[in-house]
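# Fold the following and give me the result.
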Amino acid sequence: MKAIELKGLTPDKIITKIGPLFTADQKKSGILASMSMGQFILESGWGKSELAQKANNCFGMKKNLSGNTWAGSTWDKKSVYEKVTAEYKNGKDKYYIKAAFRKYSSIELSIADHSAYLNGAMNGSVKRYAGLKGCKDYKQALGIIRAGGYATSSQYGRDVIKIIEQYNLTRFDVKEEAKKKEKKGTKKMKINVHAGHTKQSGNAPGASGIVHESVEDRKIANELIKILKKRGHKVHKCTSNGKNSRDNLQRIVTKCNKHKVDLDVSIHLNCYNKSAHGTETLIFSSDSKAKPYAKRIDANLTKLGFTDRGVKVRNDLYVLRRTNAPALLVETFFCDNRGDCNLYKKLGYKKIAKAIADGIAPVK
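Numbering: from 1, shown residues only. Below you'll find the model as predicted:
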């Protein structure tokens, strides 16, 4: 991702777009996502500063830092951007210098280089920010970098904390429950999963736009089944290929109702007028037992970058009306919208399926 992609976006849309980048970085580097993201917002002006837009440098990383002796740098050691920048003497007296800054080809490289610096910068024979890696508290983490001399402004830490709390950035932190190993005693679920409509070559395929619903929803559904089974849940595949649309719906419901399950999950793609976009999850009623799962799925897909259209009640849909178990229908994205399809192709069906799986049965 390039910083120029953030130009013109609102803060909420920027957070949705960049949040997953910081979560991914924390998994690799151990640097707390909320702190790093707060620094990004403050130091780059939401990715819209001159340095961010011209050099994808979102943390004011200069050409020379701590002797450039720390490991893991993602800078190519040659690309630079020169500009006038403000510095502070004694934490309050402001003055200006012309400095050379690192230039990156993407925001991801800027984030990774910043984290590598925080992990590896030395102060003599000791690490400048010792204890920062793996720190789970953003206030404590900011105290560590302040003690290491990270920022020349005395207001820096308070400004970052304000941003973190105002925009609830801790939601992007890697939580303890995201560990891969499942705790003993975790409830195993029984779940029906199916892709909507017949296959693309069948008599009642789904919508077609830039991509085909009946092709992509099967990829997502099949991967979802694989993930849930790997996590130890009992999953029934109820995708069908009927003679027509009604016959196909009846076959799907018949398959679903053969099994006594906790949840029925229907995977679809939306389609409307090429400009409509985003993700939404549908349930039969506002008090449906599927609602908590629907809300988590919707939140997870939104975190991936899709516009949040919310959880909606649809009591007119055959599958939601006729299945015995609590049911939900995921309209993953709009197959006729260029932006949605580009994001889907970038993410891939496996990430989509994992986001849905995490909404249904997150790993504890």
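
# Every contact and neighbour count from this point should use C-alpha atoms.
Fine.

# now Thr23: how far from Lys346?
17 Å (C-alpha to C-alpha, to the nearest Å).

# swap in Tyr104?
Tyr104 sits 20 Å away from Lys346, going by C-alpha to C-alpha.

# Outside of the helix or strand bottoming out on mean pLDDT in the chain itself, list whatever touches it.
Least confident helix or strand, the chain: strand 80-89 with a mean of 83, by mean pLDDT, DSSP states H and E. If you take C-alpha atoms under 8 Å, 6 or more residues apart in numbering as the criterion, strand 80-89 is touched by 51, 54-55, 63, 94-103, 152-153.

# Neighbour count: Thr23 and Lys346, which is higher?
Neighbour count, other C-alpha atoms under 10 Å: between Thr23 and Lys346, Thr23 has more, with 23 against 10.

# in its sheet, what does the least confident helix or strand of the chain sit against?
According to DSSP bridges, strand 80-89 has the following sheet partners: strand 93-102 (antiparallel).

# what's the angle between the next helix or strand after the partner strand and strand 93-102?
On the C-terminal side of strand 93-102, the closest following helix or strand by DSSP states H and E is helix 107-120. Using axes from the mean of the first three to the mean of the last three C-alpha atoms, to 10 degrees, the inter-axis angle of helix 107-120 relative to strand 93-102 is 110 degrees.

# Following the chain onward from helix 107-120, which element is next?
Downstream of helix 107-120 (by DSSP H and E), the next one is strand 122-123.

# The helix or strand following that next one pairs with which strands, parallel or anti?
Using DSSP H and E, the helix or strand that directly follows strand 122-123 along the chain is strand 126-127. Partner strands for strand 126-127, per DSSP bridges, with pairing direction: strand 122-123 (antiparallel).

# Need the mean per-residue confidence for the partner strand.
The average pLDDT for strand 122-123 rounds to 86.

# distance between stretch 338-354 and the chain's centre?
11 Å (C-alpha atoms, centre = their mean, to the nearest Å).

# what's the answer for stretch 97-113, then?
On C-alpha atoms, centre = their mean, the centre of stretch 97-113 falls 23 Å from that of its chain.

# Straight-line length of it, end to end?
Criterion C-alpha to C-alpha; first-to-last residue distance in stretch 97-113 is 23 Å.

# Tell me the buried residues in it?
Of all the residues in stretch 97-113, those buried under the rule 16 or more other C-alpha atoms under 10 Å are 100-113.

# picking up where we left off before, from the contacts of strand 80-89, which has minimum pLDDT?
Within the contacts of strand 80-89, the minimum per-residue pLDDT falls on Thr152 (67).

# circling back: just the CA trace of the least confident helix or strand of the chain, in PDB.
The C-alpha coordinates for strand 80-89 follow below in PDB (Å, rounded to 0.1, in the frame of the first residue of the first chain):
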ATOM      1  CA  VAL A  80      16.200   9.300   0.400                       C
ATOM      2  CA  TYR A  81      14.000  12.300   0.500                       C
ATOM      3  CA  GLU A  82      15.300  15.700   1.800                       C
ATOM      4  CA  LYS A  83      13.100  18.200   3.600                       C
ATOM      5  CA  VAL A  84      13.000  20.800   6.300                       C
ATOM      6  CA  THR A  85      11.900  19.400   9.600                       C
ATOM      7  CA  ALA A  86      11.200  20.700  13.100                       C
ATOM      8  CA  GLU A  87      13.200  19.600  16.100                       C
ATOM      9  CA  TYR A  88      13.000  20.500  19.800                       C
ATOM     10  CA  LYS A  89      15.700  21.500  22.300                       C
END
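
# buried residues in it?
Going by neighbour count (16+ other C-alpha under 10 Å), the buried part of strand 80-89 is Val80, Tyr81, Glu87.

# which residues touch the closest residue to the second one other than its chain neighbours?
I take that to be Tyr81. Nearest non-adjacent residue to Tyr81, counting by C-alpha to C-alpha, 6 or more residues apart in numbering: Phe101, 5.1 Å away. Each residue near Phe101 by C-alpha under 8 Å, 6+ apart is listed here: Asn57, Gly60, Met61, Lys62, Lys63, Val80, Tyr81, Glu82, Lys83.

# All the helices of the chain, in order from the start?
For the chain, applying DSSP state H gives helices covering 11-29, 33-44, 50-55, 107-120, 138-147, 156-166, 213-230, 245-257, 291-303, 318-322, 338-347, 349-360.

# tell me the angle of the last one relative to helix 291-303?
Same thing as helix 349-360. Between helix 349-360 and helix 291-303, the angle comes out at 140 degrees (the same axes, to 10 degrees).

# so the residue nearest to His236 when sequence neighbours are not counted bridges to which residues?
Sequence neighbours aside, Asn192 is the residue nearest to His236 in space, at 4.8 Å (criterion: C-alpha to C-alpha, 6+ apart). Counting by DSSP bridges, Asn192 is bridged to His236, Asp264.

# Wait, Asn192 touches Val261, no?
Yes - the criterion here is C-alpha atoms under 8 Å, and Asn192 meets it with Val261 at 6.9 Å.

# Comparing these two, which residue is more hemmed in?
Between Asn192 and Val261, counted using other C-alpha under 10 Å, Asn192 has the larger neighbour count: 26 against 18.

# Tell me where the model's unsure across this protein.
Scanning the chain for pLDDT under 70 picks out the ranges 88, 90-92, 152, 176-186.
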